[in-house]
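*Asks:* Sequence unavailable; structure follows:
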Ligand SMILES: NC(=O)c1ccc[n+]([C@@H]2O[C@H](COP(=O)([O-])OP(=O)(O)OC[C@H]3O[C@@H](n4cnc5c(N)ncnc54)[C@H](OP(=O)(O)O)[C@@H]3O)[C@@H](O)[C@H]2O)c1
């Protein structure tokens, strides 16, 4: 778990459940809950290994909640590694127009907000986010990762959705992907894909395991966009 910093920045793993046609939900506004209990446990394990969890505003608007670490063994393992019981859960949003009544804001987890100067205004001095990173007029990952690194963040788990993952891949910030292929097809243009991307990303398969009707894929990013985003 230690010394995972690469190229002087935290290691970033994308974790997603996908359909056999590469969709992450049937519509951008609906919460995707098509993975099995094995996939949910896999996701919780990935969250438990992270120092920071990251997701896009669209994902929070769809779920109104996030996955906290609940299994006592995973919490004990975090303590043994010197990590706090829960990773900080960061949401990324330009507008940051969230309802403080959403369950996310009642969950007993540390919460962070990555936003623009304008988006931060409504949340300053409030209890909902214990950390806010502002990156000017736009979301700017080169301003975020060094701040995480300075805070001792070594592992980031990026949990979607497609807009967030596309921007991280385009900027060359993703090191690994863990994709669970679930046995269904959504089809249709309205269903969001793994990543909203303008150019290709080259992957190397590190592991592949089938459990019942799902396939757990582990990829390393060989080459993606560098310098953008
Ligand atoms: N299958 C799975 O494992 C899984 C996991 C997560 C989500 N999902 C599904 O994915 C869907 C949501 O995905 P999505 O792609 O529509 O949304 P998303 O990536 O979760 O969020 C997009 C929003 O995040 C902010 N954002 C993220 N990166 C940004 C960047 N680089 N620059 C500027 N803003 C950025 C913007 O917020 P503002 O609009 O505030 O500017 C943007 O509109 C939902 O249906 C959800 O159920 C599925």
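*Replies:* Yes, it's here. Remember, predicted model here, so these are calculated numbers, not experimental data. Numbering: from 1, shown residues only.
*Asks:* ok, now how distant is residue 49 from residue 136?
*Replies:* Using C-beta to C-beta, to the nearest Å, residue 49 is found at 31 Å from residue 136. The way it works is simple: take the backbone N, C-alpha and C, and place the C-beta from them, glycine included.
*Asks:* Pick out whichever of these two has more residues nearby.
*Replies:* Using other C-beta atoms under 10 Å as the criterion, residue 49 and residue 136 rank with residue 49 on top: 19 against 10.
*Asks:* these two touch, right, that one and residue 155?
*Replies:* Yes. Look at residue 49 against residue 155 with C-beta atoms under 8 Å: they come within range, at 6.0 Å.
*Asks:* Between the two ends of stretch 58-75, how far is it?
*Replies:* Its start and end residues considered, stretch 58-75 measures 28 Å (C-alpha to C-alpha, to the nearest Å).
*Asks:* how about that stretch: buried residues?
*Replies:* Using 16 or more other C-beta atoms under 10 Å as the test for burial, stretch 58-75 gives 58-63, 66-69, 74-75.
*Asks:* Which helix or strand contains residue 43?
*Replies:* Secondary structure here is read from DSSP states H and E; on that basis residue 43 sits in helix 37-49.
*Asks:* anything in that helix near the ligand?
*Replies:* No. Using C-beta under 6 Å from any ligand atom, we find that helix 37-49 stays clear of the ligand, coming within 7.7 Å at best.
*Asks:* for the ligand, what are the nearby residues on the protein?
*Replies:* 16-17, 24-25, 28, 30-32, 55-59, 62, 92-95, 139, 159-164, 167, 192, 229.
*Asks:* Give the ChimeraX command for selecting the buried subset of those.
*Replies:* A single ChimeraX command selects the buried members of these (16+ other C-beta under 10 Å):
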select :16,17,24,25,28,32,55,56,57,58,59,62,92,93,139,159,160,161,162,163,164,167,192,229
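*Asks:* Strands - which of the residues of the chain next to the ligand land there?
*Replies:* Judged by DSSP state E, the subset of those located in strands is 16-17, 55-56, 92-93.
*Asks:* and the residue nearest to the spatial centre of the chain, what does it touch?
*Replies:* Geometric centre of the chain, nearest residue: residue 158, 2.0 Å, by C-alpha atoms, centre = their mean. Taking C-beta atoms under 8 Å, 6 or more residues apart in numbering as the criterion, residue 158 is in contact with 12-15, 53-55, 164-165, 168, 174.
*Asks:* For those residues, give me a markdown table that also has pLDDT and distance to residue 82.
*Replies:* A markdown table is the format used below for these (pLDDT from 0 to 100; distance: C-beta to C-beta, whole Å):
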| residue | pLDDT | distance to residue 82 |
| --- | --- | --- |
| 12 | 98 | 21 |
| 13 | 98 | 20 |
| 14 | 98 | 25 |
| 15 | 98 | 23 |
| 53 | 98 | 18 |
| 54 | 98 | 21 |
| 55 | 98 | 25 |
| 164 | 97 | 28 |
| 165 | 97 | 29 |
| 168 | 96 | 27 |
| 174 | 96 | 26 |
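*Asks:* from those residues, which single one is nearest residue 107?
*Replies:* Residue 107 has its nearest neighbour among the contacts of residue 158 in residue 53, at 11.7 Å by C-beta to C-beta.
*Asks:* Show me what the closest one bridges to in the sheet.
*Replies:* Residue 53 has these beta-bridge partners by DSSP bridges: residue 89, residue 157.
*Asks:* State the helix or strand in which residue 178 lies.
*Replies:* strand 176-182.
*Asks:* Equivalent analysis for residue 169, please.
*Replies:* For residue 169, the host element (DSSP H and E) is helix 162-170.
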